[in-house]
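**Student:** one predicted model, sequence on top.
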Amino acid sequence: MPERVLLLTGFGAFPGVADNPTARVAQSLHGLPIAGWRVHGAVLPVAWERARAEVAGLVAAHAPVCIVHLGVATDATVVRIESQGANHLQFRVADVDGAQPQAGEVEPAAPATLSTPVAVARLVAHLQQLGVGVERSENAGRYVCNATYFSSLHAYPDRRVLFVHLPPVSAAWPLARLTDAIARILEFLSA
């Protein structure tokens, strides 16, 4: 049976988040066999055009069956499973390359929203049974996270694409707990 690759991306630093925990989670799970997946972890720049290009390169190089993008939500107190991406560009602050679109679409002529093919309600219920603090979200924001998510949902309709927002590292959410929560999500996706 051919190896099943899961692409797991985190993001690098950006203004207000000097040490992005999603980068460390993606790096720590890179190369591990989890529930039949070979995880390819990568860190994307918080620059939406470069992030989109890097995802395309990673998909071409590794042919993942599944793509899981991670982002940090500085106001989150639980893990947020994003059910959809919006075809909207309006950044409140510039990305690390200085781009700050104020209006426009991520993908011209695409629908206003695209939903993940992942069974989000089942995933949330599963994680809750495991004791993971989690919630379903229908708003991936309007920054690089959402732009990357929508772009991947649009470009790879033949793959399971998911975006997960993590809370910042804290006493309640040490890095090991964040990493474990993502490993549980990857296990769920293997079924």
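**Tutor:** Yes, it's here.
**Student:** ok, and what's touching stretch 150-163?
**Tutor:** Stretch 150-163 has contacts (Cβ atoms under 8 Å, 6 or more residues apart in numbering) with 48, 52, 55-56, 59, 64-71, 81-82, 84-87, 106-107, 110, 114-118, 140, 145, 148-149, 185, 189. No exception for glycine: its C-beta is placed from N, CA and C like everyone else's.
**Student:** give me the helices and strands touching the helix or strand of the chain with the lowest mean pLDDT, please.
**Tutor:** Ranked by mean pLDDT, DSSP states H and E, the helix or strand of the chain with the weakest confidence is strand 33-34, at a mean of 92. On a contact count with 3 or more Cβ pairs under 8 Å, 6 or more residues apart in numbering; DSSP states H and E, strand 33-34 meets helix 175-190.
**Student:** ok now the helix it packs on, how far from the chain's centre?
**Tutor:** Helix 175-190 sits 12 Å away from the centroid of its parent chain (Cα atoms, centre = their mean, to the nearest Å).
**Student:** what is that helix packed up against?
**Tutor:** Applying 3+ Cβ pairs under 8 Å, 6+ apart, one finds that helix 175-190 contacts strand 4-11, helix 21-29, strand 33-34, strand 37-44, strand 66-72, strand 79-82, helix 120-129, strand 160-166.
**Student:** what's the closest of these to E135?
**Tutor:** Nearest of the helices and strands packed on helix 175-190 to E135, taken as Cβ to Cβ: strand 79-82 at 5.8 Å.
**Student:** nearest residue to the middle of the protein?
**Tutor:** H69 (1.9 Å; Cα atoms, centre = their mean).
**Student:** for that residue, give me its contacts.
**Tutor:** The contact partners of H69, by Cβ under 8 Å, 6+ apart, come to 9, 44, 145, 148-149, 152, 161-164.
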